[in-house]
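Chemist: No letters, just coordinates:
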């Protein structure tokens, strides 16, 4: 067994979890329609807490599989990736970065900022776990669907999508390999050119001087030096919305998102439920909630 075998088995285990109830919290059934209406308006506020709990429980679920004494999944908090297969036998240790998604949110808000350099051995996957309360707004968390993809593919899609010099540039983290693990930096950042505060044409001329491949992203030290030169000569703003999974245009993630939103759930598609819960039409909301109480 090598790290690819471990990741393949873990992927199979995770993708078989659709319809699985996670016994970590149980939201009580609303005692009245009025209570249900109020709960519907605030249910999304529970998603960060429940999302973290789902990530924790995923490690326990993976350890229910018989790994034949080759190792054990451990939760790294803080740390990257979220789940690491600790093993003295299987090197490099495979890992899974876990992102929980509450589909009633307006978008997949989880971020993925980790440098593509971390995935050089392709031993880390990303698991996107979609979940909802089993009765739309009440009950136990229920896994709706799971996507597992190569972490390297997500990092490459992000860099390719965002990096558009000179208008937008992606920076690798500085080299912190000699620091202790808790002080090492692994996150990339995105910067947007402030065209009202500098000459965009001059910035374009500088980028053109880099040659025909000058606009193609690279994490190499040489290319990053060019980006630092650009940042030093022109005015850029740190993008605080950078690297949301919903915006990086990863084909498999986009297909997964649509697949989840189109799923039938308690009499409506998840997208329809989302629209109802966000609607200001009280009568429409009441009629929908009556079907799940």
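Modeler: Arrived safely. Please read all numbers here as calculations on a predicted model, not as lab measurements.
Chemist: where along the stretch 51-200 of the chain do the helices fall?
Modeler: All helices of the stretch 51-200 of the chain, identified by DSSP state H, counting those that start in this stretch, fall at 151-162, 200-208.
Chemist: Make sure residue 14 is actually in contact with residue 57.
Modeler: No. At 11.8 Å, residue 14 does not count as touching residue 57 under the criterion of CB atoms under 8 Å. The way it works is simple: take the backbone N, C-alpha and C, and place the C-beta from them, glycine included.
Chemist: between these two, which one's more packed in?
Modeler: Neighbours per residue (other CB atoms under 10 Å) separate residue 14 from residue 57, with residue 14 holding more: 23 against 17.
Chemist: Give the burial count for the residue nearest to residue 3 when sequence neighbours are not counted, as a bare number.
Modeler: The shortest distance from residue 3 to any non-neighbouring residue, by CB to CB, 6 or more residues apart in numbering, is to residue 94 (4.0 Å). Residue 94 has 27 neighbours, counted by other CB under 10 Å.
Chemist: Can you check which of the helices of the stretch 51-200 of the chain gets nearest to residue 106?
Modeler: Nearest to residue 106 among the helices of the stretch 51-200 of the chain is helix 151-162 (19.2 Å), distances taken as CB to CB.
Chemist: Stretch 67-78 spans what distance, first to last residue?
Modeler: Start-to-end span of stretch 67-78 (CA to CA, to the nearest Å) is 25 Å.
Chemist: what's in contact with it?
Modeler: Residues from elsewhere that reach stretch 67-78, judged by CB atoms under 8 Å, 6 or more residues apart in numbering: 1, 6, 9-10, 55-56, 59, 62-63, 82-90, 93, 182.
Chemist: From the chain's centroid, how far away is stretch 251-261?
Modeler: 13 Å (CA atoms, centre = their mean, to the nearest Å).
Chemist: re the thing from before, looking at the helices of the stretch 51-200 of the chain, which is nearest to residue 260?
Modeler: Using CB to CB, those put helix 151-162 closest to residue 260, at 17.2 Å.
Chemist: tell me what the lowest-mean-pLDDT helix or strand in the chain is packed against?
Modeler: Sorted by mean pLDDT, DSSP states H and E, the helices and strands of the chain end with helix 47-62, the least confident at a mean of 86. Contacts defined by 3 or more CB pairs under 8 Å, 6 or more residues apart in numbering; DSSP states H and E place helix 47-62 against helix 3-15, strand 72-75, strand 83-86, strand 95-101, strand 124-133, strand 141-150.
Chemist: Contacts for stretch 216-229, please.
Modeler: 115-117, 159-160, 163, 165, 169-172, 206, 210, 214.
Chemist: Buried by neighbour count, from those: which ones?
Modeler: Among the contacts of stretch 216-229, those buried by neighbour count (16 or more other CB atoms under 10 Å) are 115, 116, 159, 163, 165, 169, 170, 171, 172, 206, 210.
Chemist: what's near enough to touch the third one?
Modeler: Right, the one you point to is residue 159. Applying CB under 8 Å, 6+ apart to residue 159 gives the contacts 116, 170, 188, 217, 219.
Chemist: my guess is residue 145 meets residue 256, correct?
Modeler: Yes. With contacts counted by CB under 8 Å, residue 145 reaches residue 256, the gap being 7.0 Å.
Chemist: Find residues that contact each of the two.
Modeler: Joint contacts of residue 145 and residue 256 (CB under 8 Å, 6+ apart) are residue 130.
Chemist: All set, thanks.
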